[in-house]
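# No sequence on hand, only this structure:
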C-alpha cells in the first residue's frame with residue numbers, strides 16, 4: 001500500500017513523533033496507519049530501554065489538587081530544556097490526574113494503571129514520550145495528601161511544596177486563608193525547614209546537637225572551665241536557636257521578620273474567627289539526591305573534533 005506526504009503528516013499529528021520516524025514506520029508497514037502506530041509504540045519501548053541508563057535528574061516537580069486530594073509529583077528527564085516542552089508537561093499533568101483519580105500505592109502500581117483519558121497504561125504512554133522527546137524520562141516519586149492543603153511551585157517546577165492544615169472547610173474557602181497558606185508554602189520553599197515544630201524533632205537529633213555543642217565548649221579554653229550548669233544553660237539557648245532555624249512554625253516569617261510563622265498563622269486564624277493549625281509539609285526539589293550529569297566543555301569539543 002502506497003502512502004503520501006499527507007499520511008506522514010497525519011501519523012505525526014496522531015503520535016507526535018518526528019516526520020522521518022513516521023515515514024520509516026509507514027514504509028515498513030506499506031502505508032498501514034494502524035500498524036505504523038504499533039511500530040512507533042514498539043520503538044518507544046526500544047527507545048526507553050536504550051535510554052534507561054542515561055542520567056535523568058532534570059524535569060519538573062509539580063502539585064495537582066482535585067477536590068480534597070492533592071498530589072505532589074516529580075518526573076525527571078535528562079535536560080532542563082524538556083521542562084519547558086509542552087508535550088512533556090501535558091504528560092506530567094495527566095500523570096498527576098491519574099494519581100489523584102486512582103490513588104496508586106507506589107510508582108510501579110502507577111505505571112500499570114491506565115493513563116487518564118487513554119486506553120493505554122502510564123508505562124506505555126511514557127515510552128511514547130521517550131521516543132517523541134528523545135530523552136530518558138522517569139516518574140521518580142509522588143505523594144498523595146488528603147484534606148486541607150496549600151501549595152506553591154517555584155521556578156517553573158524546580159521546587160514544589162504542599163503544606164497541610166487542620167481547619168474548617170468554611171475557613172479554608174476564604175481568600176485570606178489561601179493567601180496565608182501560599183505564604184507558608186513559600187516559606188518552606190525558601191527556608192527549607194527540616195521539621196514542622198519542636199515536637200517533630202527526634203530526641204536523638206537533639207542529643208547529637210547537644211553533644212557537638214558541649215564538645216565545642218570543652219575545646220574552647222574560655223568556656224572549658226565554666227561550671228556544668230552554666231554550660232547547660234548556654235547549650236539550652238543554642239538548642240532554642242536550632243529550633244528557630246530548623247522548625248517551620250518557629251522560623252521568622254520571611255515577609256515579616258517580627259513574626260514567627262506560627263504567629264502569622266495564629267493572626268490569620270484570629271482574623272477569620274476560627275482555628276488553623278499547620279500539621280505537616282512536603283518539599284520536593286527537582287533532582288535532589290540524584291546523580292547529576294557532569295559535562296566538561298573541553299572534552300566535549302575534543303570528542304567532536
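Now that the structure is in, tell me what you want to look at. Note that the structure is predicted; figures quoted are calculated from it, not measured.
# Quick check: the residue nearest to residue 91 when sequence neighbours are not counted vs residue 163, distance?
Counting by C-beta to C-beta, 6 or more residues apart in numbering, residue 129 is the residue found nearest to residue 91 once chain neighbours are left out, at 5.3 Å. For every residue, glycine as well, the C-beta is placed using N, CA and C. Distance of residue 129 to residue 163, given as C-beta to C-beta, to the nearest Å: 31 Å.
# Give me the more crowded residue out of those two.
residue 163 (28 against 24; other C-beta atoms under 10 Å).
# what's across from the more buried one in the sheet?
Bridge pairing for residue 163 (DSSP bridges) gives the partners residue 150, residue 281.
# Double-check it against residue 181; I have them as touching.
Yes: Residue 163 is within contact range of residue 181, at 6.3 Å (criterion: C-beta atoms under 8 Å).
# Residues that sit against both of these two, list them.
Jointly contacting residue 163 and residue 181 under the rule C-beta atoms under 8 Å, 6 or more residues apart in numbering are 149, 150, 151.
# element containing the residue lying closest to the first one once chain neighbours are set aside?
It stands for residue 149. Closest residue in space to residue 149, ignoring its immediate chain neighbours: residue 70 at 4.5 Å, by C-beta to C-beta, 6+ apart. Per DSSP states H and E, residue 70 falls inside strand 69-76.
# Following element in sequence after that strand, please.
Going down the chain from strand 69-76, the next helix or strand is helix 86-102, by DSSP H and E.
# by how many degrees do that following helix and strand 69-76 diverge?
Between helix 86-102 and strand 69-76, the angle comes out at 140 degrees (axes from the mean of the first three to the mean of the last three C-alpha atoms, to 10 degrees).
# Show me what the following helix or strand past helix 86-102 is in contact with.
Next helix or strand after helix 86-102 toward the C-terminus (DSSP H and E): helix 107-112. Defining contact as C-beta under 8 Å, 6+ apart, one finds that helix 107-112 is touched by 95, 98-99, 102, 104, 121-123, 126, 139-142.
# in this structure, which spans are helices?
With helices called from DSSP state H, the chain shows them at 5-15, 19-28, 33-51, 86-102, 107-112, 122-133, 169-172, 175-191, 203-219, 221-224, 228-246, 261-272, 297-304.
# Can you point out the buried residues in the fifth one?
Residues of helix 107-112 classed as buried under the neighbour-count rule (16 or more other C-beta atoms under 10 Å) are 110, 111.
# Quick check: residue 290 touching residue 78?
No: when contacts are counted by C-beta under 8 Å, residue 290 is not listed as touching residue 78 (11.4 Å).
# who has more neighbours, those two?
residue 78 (20 against 15).
# any idea how far that one lies from residue 21?
Counting by C-beta to C-beta, the gap from residue 78 to residue 21 is 19 Å.
# go on, residue 213?
62 Å.
# Kindly report the same for residue 118.
Taken as C-beta to C-beta, the span from residue 118 to residue 21 is 20 Å.
# Of these two, which one has the most company?
Taking other C-beta under 10 Å, residue 118 and residue 21 do not tie; residue 21 has more neighbours (20 against 13).
# Isn't that one up against residue 43?
Yes: with contacts defined as C-beta under 8 Å, residue 21 counts as touching residue 43 at a distance of 7.2 Å.
# who touches both of these two?
residue 131.
# rewinding a little: show residues contacting the strand holding residue 70.
Contacts of strand 69-76 (C-beta under 8 Å, 6+ apart): 56-65, 88, 91-92, 95-96, 99-100, 103, 137-146, 149, 151, 160, 162, 282, 284, 286-287, 290.
# Next: stretch 195-206.
194, 239, 242-243, 246-250, 262, 278-281.
# so how far is it off the chain centroid?
Distance, stretch centre to chain centre, for stretch 195-206: 24 Å (C-alpha atoms, centre = their mean, to the nearest Å).
# Show me which residues of that stretch are buried.
Neighbour-count burial for stretch 195-206, counted by 16+ other C-beta under 10 Å, picks out 195, 196, 197, 198, 201.
# Out of those residues, which is nearest to residue 172?
Within these, proximity to residue 172 (C-beta to C-beta) peaks at residue 196, which comes in at 18.6 Å.
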